[in-house]
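S.K.: got a sequence here, can you model it:
(one chain, ligands or ions: 2)
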Amino acid sequence: MGRSFQNAITPEGRRRPTFHIHTFGCQMNENDSEYLAGLLAEAGYEKVDSPESSDLVIVNTCSVREKSEEKLFSFLGRLAALKREKKFRLAVAGCSAQAHGEMIMSRVPEVDLVLGPASYGRLPLLLRAETGRAVDVDQVLTWSEDRPRTFLRKSPVSALVTIMEGCDNFCAYCIVPYTRGREKFRPLRLVLAEIEDLARRGYQEVILLGQNVNSYRDPETGVDFPLLLRRAAGLPGLKWIRFITSHPKNFGGAIIQALRELPSLCRQVHLPLQSGSTRILARMNRGYGQGDYLRLADELRDALPEIELSTDVIVGFPGEEEEDFENTLHVLERVRFANIFSFRYSPRPFTASSRLADDVPPRTKQRRLMELQERQKQIQIGLNQVLIGRTRRVLCTGPSKKDPRAFSGRDESYRVVNFTAPEGFSPIHRFVQVRITGCGPYSLRGELNE
Ligand code: SAM
Ligand code: SF4
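M.R.: Residues are numbered from 1 along each chain as shown. Ligands and ions are numbered 1, 2, ... in the order given. A predicted model of the protein is given here:
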């Protein structure tokens, strides 16, 4: 299913058209971009690294927070200026395309094509049609995949594999159910075929993706998420399997049991908290309170003492008082997450909370965000220091960004590990043992220990 198209010239001597994709947002968007790239490669396009040398530029967008959309319009402004010089076709895909297709078309006249996530399979067709400007933002209710998808993946060892899309949870602040539509589950046989193919081609790690993976149900057989994990872990070849994102209200004992029994499931779970205040969680429509969340974290730790948890937190949701925020800090101290993603609340179109007064002043949101991040930084330093002197198994992803003589990778808990190796030995894309010699709050440092 994965192919590489390196040659700029076709066997008939024609120059291949080129494309460039810029991706904003989450891993779901990353995976969609790999799918779009696969479709274009199949259609004879060649991938290039910059918009300047492209015949087609696609911007894959995110609309989850207001800031991401502000960034999008300034980015599109720069591309529009470049387009007037270089004459490429400009397409906008992803969640903002879905939510604001017509608005993007009228604000940025240089955009030729807007397509929502449900329309990606039609991209080659739309490009061939060359009918001037077009908006294609259909919403489908069931999974549409009439033949196995082709991906042009960034990594040759770690792959994202989508198992479901959309969401039925309607958290009060979240635009996803409106941009990605209702839950759609990818048939298990297609998921397993993709994983099998990846393992055959030497992939070491897969990350199963969905907005709420715990609610997975195979539309053909009714197999649920814990069973999907067992079936995936039963395929030969893969060393690490992760999944993202879990919803605390759907995280049952059968998943914990699978994590205990299946050695290839990484002992690491991303479990979005959003707020530590039961009152705010109810206003957010999250379906659990602080007590439920802490019980689940305890249950996971009792079953798997080495498990690492990470989370998402929003500060400044409408009506959040100092006491609510203190409750969030309390959960941070109590659970001691290995990593958090933290955001200032911003109202999003269509959502329930956009009808509430955005009453936490921007300065208060900012102060709470800073305080939260500072507390978390201290927690991470504490957790990381304990690892100094120990040896970690690391999947090396490539050279370190800061020091080209060093290497970078991730351990089972998904921590970044930067490390040195003896000259002449390349650990790239391999599992290696690294002795940890130092740390910062966001990464570990070490040396190869083999
Ligand atoms: N499905 C996942 C979940 O249940 O948490 C992730 C959804 S969203 C793509 C990723 C994160 O963005 C959320 O977990 C939340 O913390 C944040 N987020 C979503 N809407 C937001 C908003 N209106 N303002 C600030 N942060 C938001
Ligand atoms: Fe958004 Fe909530 Fe669905 Fe996550 S679970 S995608 S936060 S509505």
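S.K.: run a quick neighbour tally on whatever residue of the stretch 251-400 of the chain ends up closest to ligand 2.
M.R.: Distances between the stretch 251-400 of the chain and ligand 2 by Cβ to the nearest ligand atom are smallest at P272, namely 6.8 Å. Glycine gets a C-beta too; all of them are placed from N, C-alpha and C. By other Cβ atoms under 10 Å, the residues close to P272 number 20.
S.K.: correct me, but it touches K249?
M.R.: No - using Cβ atoms under 8 Å as the test, P272 is too far from K249 to be in contact (10.7 Å).
S.K.: quick one: contacts for the nearest residue to the residue of the stretch 251-400 of the chain closest to ligand 2 once chain neighbours are set aside?
M.R.: Among residues not flanking P272 along the chain, D312 sits closest, at 4.0 Å (Cβ to Cβ, 6 or more residues apart in numbering). Contact partners of D312, counting by Cβ atoms under 8 Å, 6 or more residues apart in numbering, are 270, 272-274, 340-343.
S.K.: mind checking the SS state of D312?
M.R.: strand (DSSP: H, G, I helix; E, B strand; the rest coil).
S.K.: check it and give its pLDDT.
M.R.: Note for D312: predicted pLDDT of 98.
S.K.: any idea what it is bridged to?
M.R.: Per DSSP bridges, the residues bridged to D312 are F341.
S.K.: tell me how far it lies from R295.
M.R.: 19 Å (Cβ to Cβ, to the nearest Å).
S.K.: do P361 as well
M.R.: Distance from P361 to R295, by Cβ to Cβ: 34 Å.
S.K.: about what we covered before: and the contacts of D312 as TSV, adding pLDDT and distance to P177?
M.R.: Below are the contacts of D312 laid out as TSV (pLDDT from 0 to 100; distance: Cβ to Cβ, whole Å):
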residue	pLDDT	distance to P177
H270	98	20
P272	98	15
L273	98	20
Q274	98	15
I340	98	24
F341	97	20
S342	98	22
F343	97	18
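S.K.: buried only: go through those for me.
M.R.: 270, 272-274, 340, 342-343 (16 or more other Cβ atoms under 10 Å).
S.K.: circling back: P361 and R295 - which one has more neighbours?
M.R.: R295 (13 against 10).
S.K.: show me which residues of this protein sit near ligand 2.
M.R.: 167, 169-171, 174, 176-177, 211-212, 247 (Cβ under 6 Å from any ligand atom).
S.K.: mind giving me the PyMOL select for those residues, buried ones only?
M.R.: A single PyMOL command selects the buried members of those (16+ other Cβ under 10 Å):
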select buried, resi 167+169+171+174+176+177+211+212+247
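S.K.: the residues of the chain next to ligand 2: which ones sit near ligand 1?
M.R.: 174, 176, 211-212, 247.
S.K.: list the buried residues for the longest helix along the chain?
M.R.: When every helix of the chain is counted residue by residue (DSSP state H), the longest turns out to be helix 362-385. Buried residues in helix 362-385, counted by 16+ other Cβ under 10 Å: 364-365, 368-369, 372, 376, 379-380, 383-384.
S.K.: chain center to the following helix or strand past it: distance?
M.R.: Using DSSP states H and E, the helix or strand that follows helix 362-385 in sequence is strand 391-399. Chain-centre distance of strand 391-399: 20 Å, with Cα atoms, centre = their mean, to the nearest Å.
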